[in-house]
Structures are given as structure tokens and as C-alpha cells.
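Enquirer: 3D, please:
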Amino acid sequence: MAQAAHQIKKHLRRRIANKTETVTPGSELEVIEIFCDSKRYPGPIRTVGSDSASTRCNRTVEGTVLRTSKLNQILSIDSRSVTVQAGVRMRDLASELATRDLELACGCDAPDRTVGGAIASGSTISAIPGDAGHLSSIASSLTLITPEGRRIVVGENFQDLIRAVRLSYGLLGCITTVTLRTRPIRTCSIEHQRFDFAQFQGHIQSPGMNDAGIKFYLLPFRDKVFIELRRYTDDGKKGRELPWKIRDWACNAALPTVVRSVSRIMPIRRIRYPVIDGVSEATQILVSNTFVETGSNSMEQTGRFRKLIVTPTTHNCTWIFPAKRFGFVVSAYRKFCLDYYESSGFRCDLPAIGFRINQDNQSLLSPTFDSTAFAICIRTNKHSGWPDFVLELAEFSAQFDGIPLLNQTPGATAESVSAAYGTRLDHFCSVRRHLDPANRMLNQFFAQTIGS
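Expert: Okay, here's the model as predicted:
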């Protein structure tokens with residue numbers, strides 16, 4: 001025990017802010033010691049990976065923040081699986097797998113996330129039919145340190161427990177290692193289409209789109225929708241990495257930077273927003289006409305130009321809607337944006353990004369447990385007016401049975417969470433109370449959102 005205490009003092013970094021202790025363990029032993037020492041590391045304990053959440057799910061005014069950044073080792077790889085520590089970045093894992101002509105058997109649209117964070121909290125992907133709807137579903141085994149300091153290995157032979165641990169938002173303990181299913185890299189073709197909102201409403205459920213993974217960009221003030229349709233191909237052609245890097249840079253680095261610059265030099269909104277919308281539309285046309293025609297999970301997860309432009313995180317809010325009504329939702333969303341701008345003067349300055357997500361019942365808190373769904377991720381650089389906007393957006397989403405993600409949907413209420421997850425949330429909360437009877441992991445956000 002004395003040796004363990006010495007190792008913790010040597011390897012853990014701590015800082016105090018607002019009565020919160022931040023620790024960065026470098027081993028499972030150190031994680032266990034943190035959970036076992038409630039005096040030194042008081043609750044609530046929140047586990048943080050890339051810190052990409054847009055809600056307060058990982059915030060605590062007092063307590064302990066446990067960062068997994070030092071748990072970043074790839075432990076083993078074979079033809080069917082890879083085992084990693086929870087702090088490994090998705091991009092680094094994808095790059096290592098690619099050297100062996102392997103990829104994860106599921107996509108991930110946020111390659112800067114950690115594996116643990118992507119498994120334990122909500123994410124969105126453009127899944128091709130037949131693939132898992134959520135990255136968490138390809139986790140065949142997890143090592144969990146419970147709030148009482150016990151180490152348990154949860155495999156698929158414990159179906160009830162693993163379905164609770166997947167998408168558990170750090171409420172059942174700290175995931176330290178994960179085994180994920182892999183496969184040989186599969187190439188997909190990418191077809192680009194453009195519609196106005198009315199056309200998109202008519203086409204979104206058409207037979208021609210049923211066999212494809214769908215990702216789209218919404219420009220409500222231009223009445224434009226840009227779509228990517230992805231289908232697996234056996235023609236043997238491999239995608240090129242450079243086009244993916246350029247596409248990602250254009251959409252996620254250059255565009256937000258240009259938009260911020262335009263906002264600074266053009267204070268009059270009647271002039272500013274037409275210019276911004278023109279730049280956004282031109283970016284989508286350039287990308288769809290010039291660059292990406294083939295790709296893969298591996299290509300998407302390793303393709304970002306990180307060194308060209310470093311951009312601050314934009315504000316974002318994601319709602320998920322059942323597929324059967326989504327045509328009506330997307331048309332209503334455009335009207336909502338136009339009406340809200342007219343009444344308040346606030347509007348988002350970046351295109352919203354959407355995905356079709358496959359039905360996936362492999363976790364209790366899967367937002368697509370019952371059916372295929374569509375996600376809309378609304379993004380903006382603007383902060384002034386954003387908090388009020390997300391509250392109005394939550395009321396809009398409730399009209400269409402919107403499903404919130406606990407880490408990516410600011411403005412969601414306890415009522416909307418309960419309505420979306422129903423008895424599955426009750427089951428999850430019973431598991432949580434069993435594994436965490438002292439509420440060591442329950443911060444104020446979750447106490448208010450899911451109850452105690």
C-alpha cells in the first residue's frame with residue numbers, strides 16, 4: 001500500500017479549481033486507489049477523455065475530475081480485434097490499424113475523441129446499412145473500475161451488464177481498457193447530391209437511399225441540402241488520404257475561421273450573413289465537385305489536417321429523430337431557424353451536419369434502440385444568444401419525439417430524457433444504484449437529468 005501511495009504521488013498531476021481536484025492516473029492501480037480514497041478524492045468523480053462534451057455532464061463544482069490521457073497504450077492487435085487503454089485517441093488507433101490494412105468495424109465521425117469516451121457516451125456516425133449504429137456496439141469486452149474500487153471485466157457473455165456499461169456516461173465507474181472488433185479495410189463509394197429542403201423531404205425516404213449511409217449538410221437560409229451517400233464497393237479501388245484531409249480542413253478548419261473573420265469585419269448582419277452563407281455554400285460545392293469519391297472508416301478517422309489551422313471548439317447541439325417522421329422534421333427545422341432569426345436576431349453561422357443512424361439495441365441508453373433515426377448537429381461560432389436558442393430548440397425537438405444525447409444536447413430537460421429512454425432509463429438507473437450506492441459518480445447535472 002505504501003508503494004502504491006508513492007507511485008500515485010509520483011505519477012498523478014493535480015490542480016485545484018473551484019474545489020475540484022484533477023487527477024491523471026497512469027495505470028489501473030492508480031485508478032483503483034483514487035476510487036478507494038474518498039477523503040483525498042471526494043465525489044462526485046467525473047471521468048474525462050477528450051473533454052468534447054457540450055453539456056455539463058463532466059463538470060463538477062467540487063469533487064474530482066479523472067482524466068484518462070495517460071491511459072493511452074494500444075495493448076494488442078489481431079485480425080479480428082484490438083485491445084486498447086481508454087485514453088487512446090480514435091485517430092491514433094485508426095492510423096495504427098491502417099498499417100495492418102485493418103479498420104474498426106464501425107465508423108466514428110469525431111476522430112479526436114478517446115476510445116473510452118466514444119464507447120461510454122453518445123456519438124454520431126454515417127453508418128452504412130448492416131453496420132452498427134454506434135461505436136459502443138463493437139466493444140466486445142471492457143475493463144471497468146467500479147466506484148467502490150473493484151476491477152471487473154465485462155464481456156458479451158454478460159449481456160445485461162455490458163449493455164448497461166456501453167453508453168453509461170461514466171456513471172458506472174471508469175472504463176480503463178476496451179476490446180473492439182476490427183475487420184479488413186472496406187472501401188466505400190461516395191455519391192454527392194444537392195436538393196432544396198422540399199426536395200430533400202421527398203427524397204429522404206426514397207428506395208434509392210435505403211441502401212446507403214447518409215451524411216448531409218443543412219443550409220436553411222440558402223434553402224440548400226448537400227448530401228453524401230456511401231455504399232460499400234468491391235471494385236478494389238482504395239481511397240486517397242489527401243482528399244479526405246483537404247475536405248476535413250475545408251469544412252472543419254477553414255470554414256469556421258473564415259466565418260469568424262467575416263463576423264469581425266462585417267458587424268451589420270444584413271451584409272454579414274449573406275456573405276457567410278455564400279462561403280458555406282461554395283465550400284460544400286467545392287468539396288462535393290472536386291475531392292472525395294471513395295473512402296473508408298480508416299480514411300475518415302485519420303484524415304484531418306491538424307497543423308494547418310488550429311480552431312477553437314464551436315458550440316454544438318445534437319438532437320436525434322425517428323426516421324419515419326424525419327422528412328417533416330427537416331422542413332420544420334428550416335422554418336424554425338427562419339422564424340427564430342426573425343424574432344430574436346440570432347441564427348447559427350455554420351451549416352448543421354446530419355446523419356442517418358442505424359437501429360442499434362446493444363446498449364440500454366442507445367438513442368436508436370427502437371428504430372433507425374436521423375441526427376442533426378447544429379453548430380455555431382456565436383455565443384451571444386446561443387443558450388436561449390438551445391432552449392427553444394429543445395421545445396421544437398420535443399414536438400417531433402426528439403431524443404437527446406446526455407453529452408451532446410444542451411437544453412434537454414429531465415422530462416425529455418425520460419420520454420426518450422423510458423423504462424430503459426429506469427433499468428439503467430437501477431444498475432447505477434447497485435454499482436454506486438454512495439453516488440460517487442453522480443454530479444449535479446446527472447442528478448437533475450436522470451435522478452438519483
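
Enquirer: correct me, but residue 429 touches residue 449?
Expert: No. Residue 429 sits out of contact with residue 449 when judged by C-beta atoms under 8 Å, with a separation of 10.9 Å. Backbone N, C-alpha and C define where each C-beta goes, glycine included.

Enquirer: Same drill for those two, tell me which one is more crowded.
Expert: With neighbours defined as other C-beta atoms under 10 Å, residue 429 and residue 449 compare such that residue 449 has more, 21 against 17.

Enquirer: so where do the helices sit in the protein?
Expert: 2-11, 28-36, 90-98, 115-120, 159-165, 197-203, 241-249, 255-265, 269-290, 297-302, 326-344, 386-398, 414-435, 444-449 (DSSP state H).

Enquirer: residues contacting the residue nearest to the spatial centre of the chain?
Expert: Taking C-alpha atoms, centre = their mean, the centroid of the chain lies closest to residue 123, which sits 2.8 Å from it. Residue 123 sits next to 108-110, 113, 134-135, 408 when contact means C-beta atoms under 8 Å, 6 or more residues apart in numbering.

Enquirer: One more: residue 52?
Expert: Residues touching residue 52, when contacts are defined by C-beta under 8 Å, 6+ apart, comprise 110, 112-113, 117, 313, 407.

Enquirer: Pull out the buried residues from stretch 48-56.
Expert: In terms of neighbour count (16 or more other C-beta atoms under 10 Å), stretch 48-56 has its buried residues at 48-50, 52-56.

Enquirer: Look at residue 51 and report its pLDDT.
Expert: pLDDT recorded at residue 51 is 87.

Enquirer: Distance of it relative to residue 260?
Expert: The span separating residue 51 from residue 260 equals 21 Å under the rule C-beta to C-beta, to the nearest Å.

Enquirer: do the same with residue 437
Expert: Relative to residue 260, residue 437 is positioned 47 Å away (C-beta to C-beta).

Enquirer: So the two - more neighbours on which side?
Expert: Neighbour count, other C-beta under 10 Å: between residue 437 and residue 260, residue 260 has more, with 16 against 10.

Enquirer: From residue 252, how far off is the more buried one?
Expert: Residue 260 is 13 Å from residue 252, where distance means C-beta to C-beta.

Enquirer: will you turn the contacts of residue 123 into JSON lines that also has distance to residue 157?
Expert: Formatted as JSON lines, the contacts of residue 123 follow (distance: C-beta to C-beta, whole Å):
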{"residue": "108", "distance to residue 157": "26"}
{"residue": "109", "distance to residue 157": "30"}
{"residue": "110", "distance to residue 157": "30"}
{"residue": "113", "distance to residue 157": "27"}
{"residue": "134", "distance to residue 157": "21"}
{"residue": "135", "distance to residue 157": "21"}
{"residue": "408", "distance to residue 157": "31"}
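
Enquirer: Output those in a markdown table, with pLDDT, neighbour count and distance to residue 221 appended to each entry.
Expert: Supplementary listing: the contacts of residue 123 in a markdown table, determined by pLDDT from 0 to 100; neighbours: other C-beta atoms under 10 Å; distance: C-beta to C-beta, whole Å:
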| residue | pLDDT | neighbour count | distance to residue 221 |
| --- | --- | --- | --- |
| 108 | 76 | 22 | 30 |
| 109 | 76 | 19 | 24 |
| 110 | 79 | 17 | 26 |
| 113 | 89 | 22 | 30 |
| 134 | 92 | 28 | 31 |
| 135 | 91 | 27 | 33 |
| 408 | 95 | 24 | 24 |
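
Enquirer: Looking at those, spot the one nearest residue 353.
Expert: For residue 353, the closest of the contacts of residue 123 turns out to be residue 109, at 8.2 Å, with distances computed as C-beta to C-beta.

Enquirer: In this structure that closest one contacts residue 127, no?
Expert: No. Proximity of residue 109 to residue 127 does not meet the contact threshold set by C-beta under 8 Å, at 10.1 Å.

Enquirer: so where is this protein shaky, pLDDT-wise?
Expert: Judged by pLDDT under 70, the chain has its weakly predicted residues at 1-18, 235-241, 289-292, 298-299, 301, 303-313.

Enquirer: 50 instead, please
Expert: 1-2, 4-17, 306-310 (pLDDT under 50).

Enquirer: Strands - which of the buried residues of stretch 48-56 land there?
Expert: residue 48 (DSSP state E).

Enquirer: these two touch, right, residue 351 and residue 219?
Expert: Yes. In this structure, residue 351 is within contact of residue 219 by C-beta under 8 Å, at 5.2 Å.

Enquirer: Which one's more surrounded, those two?
Expert: Each of residue 351 and residue 219 has its neighbours counted (other C-beta under 10 Å); residue 351 has more, 26 against 20.

Enquirer: show me what contacts that one?
Expert: Each residue near residue 351 by C-beta under 8 Å, 6+ apart is listed here: 217-219, 226, 280, 284, 379.

Enquirer: Can you pull the domain assignment for the protein?
Expert: Taking automatic domain parsing as the domain assignment, the ranges for the chain are 74-184, 188-415.

Enquirer: before we move on, back to that, show me the common contact partners of residue 109 and residue 127, please.
Expert: Taking C-beta under 8 Å, 6+ apart as the contact rule, residue 109 and residue 127 both touch residue 355.

Enquirer: now the angle between helix 28-36 and the strand of greatest length in the chain, please.
Expert: With residue count as the measure and DSSP E as the assignment, the chain has strand 174-184 as its longest strand. Note on geometry: by axes from the mean of the first three to the mean of the last three C-alpha atoms, to 10 degrees, strand 174-184 and helix 28-36 are set 140 degrees apart in direction.

Enquirer: And strand 174-184, what's buried?
Expert: By neighbour count with 16+ other C-beta under 10 Å, strand 174-184 contains the buried residues 174-180, 182-183.

Enquirer: bridging residues for residue 181?
Expert: On DSSP bridges, the residues paired with residue 181 through beta bridges are residue 81.

Enquirer: I figured it hits residue 138, correct?
Expert: Yes. With contact defined as C-beta under 8 Å, residue 181 and residue 138 form a contacting pair (4.4 Å).

Enquirer: one step back: intersection of neighbour lists for residue 351 and residue 219?
Expert: When C-beta under 8 Å, 6+ apart defines a contact, the residues bordering residue 351 and residue 219 alike are 226, 280, 284.

Enquirer: Now tabulate these in CSV and tack on neighbour count.
Expert: Compiled in CSV, the shared contacts of residue 351 and residue 219 are given as follows (neighbours: other C-beta atoms under 10 Å):
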residue, neighbour count
226, 22
280, 23
284, 23
